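The following comprises the amino acid sequence and a computationally predicted model.
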Amino acid sequence: MATKRIRKAVVIGAGVMGRGIAAHLANARIPVHLLDIVPQPQEGDDPKDPAFRSKIARNAIQQIKKSKPALIFTKRDLELITPGNIEDDLDVLADADWVVEAVPERMDIKQATFSKIEEHAGEDTIITSNTSGLSIAGMLEGRSDSFKERFLVTHFFNPVRYMKLLELVEAEDTSSEVTETMIAFGRDVLGKGIVFGKDTTNFIANRIGVHGIMSIMHLMSDFDMTIEDVDQVFGKPMGRPKSAVFRTGDVVGLDTFVHVADNCHETLTDDEDREVFEVPDFLRDMVEKGWTGQKAGQGFYKKTDEGIMALRPESMEYEKRDKSDFSSLSGAKGSPADKIRYVIREGEDKAADFARAATYRSLAYTARRMGEIADDVVNIDRAMRWGFNWKLGPFQTWDAIGLEWSVEQMKEEGIELPSWIDEMVEAGHESFYRWNGATREYYDVEANDYKPVPADEREISIDVLKKSDKKVMGNSSASLYDMGDGVALLEFHTKMNSVDNDIIAMMEQAADEVEDGDWRGLVIGNGSDNFSAGANLMLVLMNARAGNWDDIEEMVTRFQAANQRMRYLSKPVVAAPRGLTLGGGAEVAMGANAIQPAGELYMGLVEVGVGLVPGGGGNLQLMRNIFGKHASDADFDALPFLQKVFMQIGMAEVSRSAEQAREAGFLKLDDGLSINAEHRLHHAKQRVIGMYEAGFRAPRPTQFRLPGKDGVATIDMMLYSMEGQKQISAYDRHIGKMLANVLCGGETTRAVLTSEDRLLELEREAFLSLCGEEKSQERMQHMLMHNKPLRN
């Protein structure tokens, strides 16, 4: 068969993974049938009722609807998921492009499911299994040659929407066209990072990840480490997610974790570290007691009225969580690589000793698996970054520590290393990765030499632009690069990409450069997980406390002007946000002519939460998006739309996806979406080129027909009611009235058109006024100190 496009899918199995896959297919706008077994009827059930017969799948859709964190970008896309069952609805397999099995991890159930699929699926239908470790040969027993050619493993990680990893494992007879189809579909349509594994127990990520976690469990008592001590070490200081080890276990489910570990222990009979996978008695006891983690209300941690309690494995009792003071962790600063290097090489307390012991064992074990679970360091590192959210994969971690130094340390500890590591060091190679000019290379074990890291040309790397000498200009907070094809890229690089005076200055200079130079247009974006967390709040508070009102006014005026300049540039400007896009970050994005966001977009105007109103044009921008072409119509009633804008800003609402941002008005209907976040800069660049070549003209400024004081009074009636019901404080109402005055145009009437400049003037006045109020300053300080809003 030829490489095909997947337009319709079927998921069999409506459990955690099945419904997660179905939800993400809906995120990608792929219609999907979700099938499961017909349940056993209970008293009162009608076994012939279609709704009853598909009850399991229907309930799964309801669970998708209520899931937290949300599995689906927008509830509107739930209509793309059709529930059914595997007795009445197998006819839908006939015209499906892809059928993915996600039934329980039992070989007999898998084989029976594949028998039904083969009987009903079309002759070109691709069939995959979401197994996390069952033998492919076993699953394919009794299947036809045609079935085997169209089969491979597609191992998603939970939760499917958020976890980037997709492990692909081919069967012996899998057609290359089938593999290429699933690579393209997984990467381009579902936005996944593809890793190629082998038909071995638990493939790559779970094999290495579970080994590392089990090693930690077995080692912790030797170093007198508590549950919370371990999570302090193997969280951010060691480049791991905040949930670290035991909190991650609670989230995943300890019963699931035990199942995966047992699978390793039972099947890996030739693994030299087989005993590491033996589940400790305390963990098995926890599962038997039903202490399976977050879903059960308790696991390694338990939330009580007294606070978070942590388990003491030796007594199986819970005690109040206690945070130890480890100098090796508090001294770990900088990048993930810097932190890891400091803990391992400089740390002198028991936390560092423990980190060294666990890390050395994990790195050595990973090196010994080379060729068995994967053929190169790149696939292993990507699997751990994308599947376990490590900042650095094992071999990147090794580079951070120092290859030659760490090999010496491991040998002193008697840790077995494979011969290829010795050969690598003896050949004088100092790292697993290196830069060769602007090319990132990795050490290839088989060739005993370096090769370019496989890269998608659509993944535009800031590091590559730097190494390629593509920087046009820059300062300490932002830089302008040449992306090629006449498109410039403006990148912010402050902490959390917060907007400061230097970023504003670079926005001004970038606008001049693109306007006057030989450019087609500008992309605003970066390679970070977050576009921008907003304005530099510390700078605002310091100036407010010092009474530097002129400095605040100058910053606000320049920021407003910079965002307006981007919108009305004679060449197209496209923003490419991802992750946190808050406050000033949202204003930068909305100031562009178009937005090409990642699917994971957490966008909002949140200034009210710190006692302010948007100050970079956000009020105007959201009004412009929501009012659209009707803003100046004489017969247009602005008040219902103003109330929508007011609630969006006044409640500091943040979207939980790009589609929610579109529904809220932060994105326009014709703004794009890059479900693969790594493609968004490329897509934004192509959009700039397309707009330019199509004869781009800057839009006209919007004029608004606004209600003035009448509108403010109407909104204040709502605020009065909310205050009376204790939903908001008196100061919340005060901020709300000032926001309403901005949105309603101040001293105006519907008979007069209000300009964008007038709205910006009102915004500046309100922002400056609130900066001067003690309660707003208290809110700003509280947010900076505690990272949560104050209600005063």
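Cool, got the structure. Numbering: from 1, shown residues only.

ok, so what distance separates Glu659 from Gly618?
Here Glu659 is placed at a distance of 20 Å from Gly618 (C-beta to C-beta, to the nearest Å). Using the backbone N, CA and C atoms, a C-beta is placed for each residue, glycine as well.

between the two, which one's more packed in?
In terms of neighbours (other C-beta atoms under 10 Å), Gly618 is the more surrounded of Glu659 and Gly618; the figures are 26 against 22.

close enough to count as contact, that one and Gly591?
No - Gly618 lies out of contact with Gly591 (C-beta atoms under 8 Å); the separation is 9.3 Å.

Which neighbours do these two have in common?
Shared contacts of Gly618 and Gly591, defined by C-beta atoms under 8 Å, 6 or more residues apart in numbering, are absent.

What count of nearby residues applies to Gly484?
Neighbours of Gly484 under the rule other C-beta under 10 Å: 13.

what about the strands in the stretch 251-400 of the chain?
301-304, 307-312, 317-320 (DSSP state E, counting those that start in this stretch).

Can you mark which positions in the second one are buried?
Taking 16 or more other C-beta atoms under 10 Å as the neighbour-count basis, strand 307-312 is seen to contain the buried residues 309-311.

contact partners of it?
226-228, 286, 291, 299-303, 317-322.

Go again with 10 Å.
By C-beta atoms under 10 Å, 6 or more residues apart in numbering, the residues outside strand 307-312 that reach it are 226-229, 231, 246-247, 250, 282, 286, 291, 298-303, 317-322.

do the same with the last one
When contacts are taken as C-beta under 10 Å, 6+ apart, the neighbours of strand 317-320 outside the stretch itself are 226-228, 291, 298, 300-302, 304, 306-312.

and of those, the nearest to Gly235?
Glu228 (10.2 Å; C-beta to C-beta).

and that closest one, what does it touch?
Residues in contact with Glu228 (C-beta under 10 Å, 6+ apart) are 244, 246-247, 300-301, 308, 310-311, 319-324.

what about 6 Å?
By C-beta atoms under 6 Å, 6 or more residues apart in numbering, the contact list for Glu228 reads 310, 321.

again with Val377
395, 432, 442.

State the number of residues packed around the last one.
Okay, so that is Tyr442. For Tyr442, using other C-beta under 10 Å, the count is 20.

again with Glu275
Glu275 - counted by other C-beta under 10 Å - has 10 other residues nearby.

Leaving out the residues flanking it, which one is nearest to it?
His265 (8.0 Å; C-beta to C-beta, 6 or more residues apart in numbering).

For the helix or strand hosting Ala26, name the packing helices and strands.
Assigned by DSSP states H and E, Ala26 falls within helix 16-27. With contacts taken as 3 or more C-beta pairs under 6 Å, 6 or more residues apart in numbering; DSSP states H and E, helix 16-27 sits against strand 9-12, strand 32-36, helix 55-66.

Contact partners for the residue nearest to Leu80 when sequence neighbours are not counted?
With sequence-adjacent residues excluded and distances taken as C-beta to C-beta, 6+ apart, Leu80 is closest to Ala26, at 4.2 Å. Residues near Ala26 by C-beta under 6 Å, 6+ apart: 72, 77, 80-81.

Run through the bridge partners of Gly293.
Gln298 (DSSP bridges).

Neighbours of it, how many?
The local packing of Gly293 (other C-beta under 10 Å) involves 24 other residues.

Contact partners for it?
By C-beta under 6 Å, 6+ apart, the contact list for Gly293 reads 250, 253-254, 299.

For those, which entry has the maximal number of neighbours?
Most neighbours among the contacts of Gly293, by other C-beta under 10 Å: Gly299, with 27 neighbours.

Distance check, that one against Gly249.
Taking C-beta to C-beta, one finds Gly299 at 7 Å from Gly249.

cool, and Asn530?
Distance from Asn530 to Gly249, by C-beta to C-beta: 27 Å.

Look at these two and report which has more neighbours.
Taking other C-beta under 10 Å, Asn530 and Gly249 do not tie; Gly249 has more neighbours (26 against 17).

I figured the more buried one hits Val258, correct?
No - using C-beta atoms under 6 Å as the test, Gly249 is too far from Val258 to be in contact (9.7 Å).

What number of neighbouring residues does Pro50 come out with?
For Pro50, using other C-beta under 10 Å, the count is 14.

tell me the SS of the closest residue to it other than its chain neighbours?
Take Pro50 and drop its neighbours on the chain: the residue closest to it by C-beta to C-beta, 6+ apart is Asp88, 7.2 Å away. Of the three states, Asp88 takes coil according to DSSP: H, G, I helix; E, B strand; the rest coil.

the strands in the stretch 601-750 of the chain, which residues?
Using DSSP E, counting those that start in this stretch, strands in the stretch 601-750 of the chain cover 601-604, 704-705.

Touching the shortest one from outside, list them.
Looking back up the chat, that one is strand 704-705. Here strand 704-705 makes contact (C-beta under 6 Å, 6+ apart) with 631-632, 750, 754.

what are the pairing partners of it, and which direction each?
Checking strand 704-705 against DSSP bridges gives partners strand 753-754 (antiparallel).

Give the next helix or strand downstream of the partner strand.
Using DSSP H and E, the helix or strand that follows strand 753-754 in sequence is helix 756-771.

and that next one, average pLDDT?
For helix 756-771, mean pLDDT rounds to 98.

packing partners for that helix?
Helix 756-771 sits against helix 549-567, helix 618-627, helix 730-743, with contacts defined as 3+ C-beta pairs under 6 Å, 6+ apart.

May I see the buried residues of the last one?
Residues 731-743 are the ones in helix 730-743 that count as buried (16+ other C-beta under 10 Å).

can you check stretch 129-141 too?
Neighbour-count burial for stretch 129-141 flags 129-134, 136, 139-140 (criterion: 16+ other C-beta under 10 Å).

likewise stretch 250-265?
250, 252-258, 260-261, 263-265.

now, which of these lie within helices?
Counting by DSSP state H, the buried residues of stretch 250-265 place 250, 252, 254-258, 260-261, 263-265 in helices.

for the residues you listed, which one is nearest Trp390?
Val252 (15.0 Å).

Not counting its neighbours along the chain, what's nearest Gly297?
Lys303 (7.6 Å).

Let me know how buried the one you found is, in neighbour terms.
For Lys303, using other C-beta under 10 Å, the count is 11.

beta partners of it?
In this entry, Lys303 is beta-bridged to Ile308, by DSSP bridges.

if I look at it, how far off is Arg321?
For Lys303 relative to Arg321 (C-beta to C-beta), the value is 10 Å.

Please apply the same query to Gln294.
Look at Gln294 and Arg321: by C-beta to C-beta, they are 15 Å apart.

Same list, the strands of the stretch 601-750 of the chain, but as CSV with mean pLDDT, distance to Phe388 and mean neighbour count please.
Formatted as CSV, the entries for those read as follows, by pLDDT from 0 to 100; distance: least, C-beta to C-beta, whole Å; neighbours: other C-beta atoms under 10 Å:
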stretch, mean pLDDT, distance to Phe388, mean neighbour count
strand 601-604, 98, 22, 28
strand 704-705, 96, 50, 24
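
Let me have the ones you listed in a markdown table, extended by distance to Tyr365.
A markdown table is the format used below for those (distance: least, C-beta to C-beta, whole Å):
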| stretch | distance to Tyr365 |
| --- | --- |
| strand 601-604 | 37 |
| strand 704-705 | 64 |
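
Out of those strands, which is closest to Ala677?
Evaluated over the strands of the stretch 601-750 of the chain, closeness to Ala677 peaks at strand 601-604, with 9.4 Å, by C-beta to C-beta.
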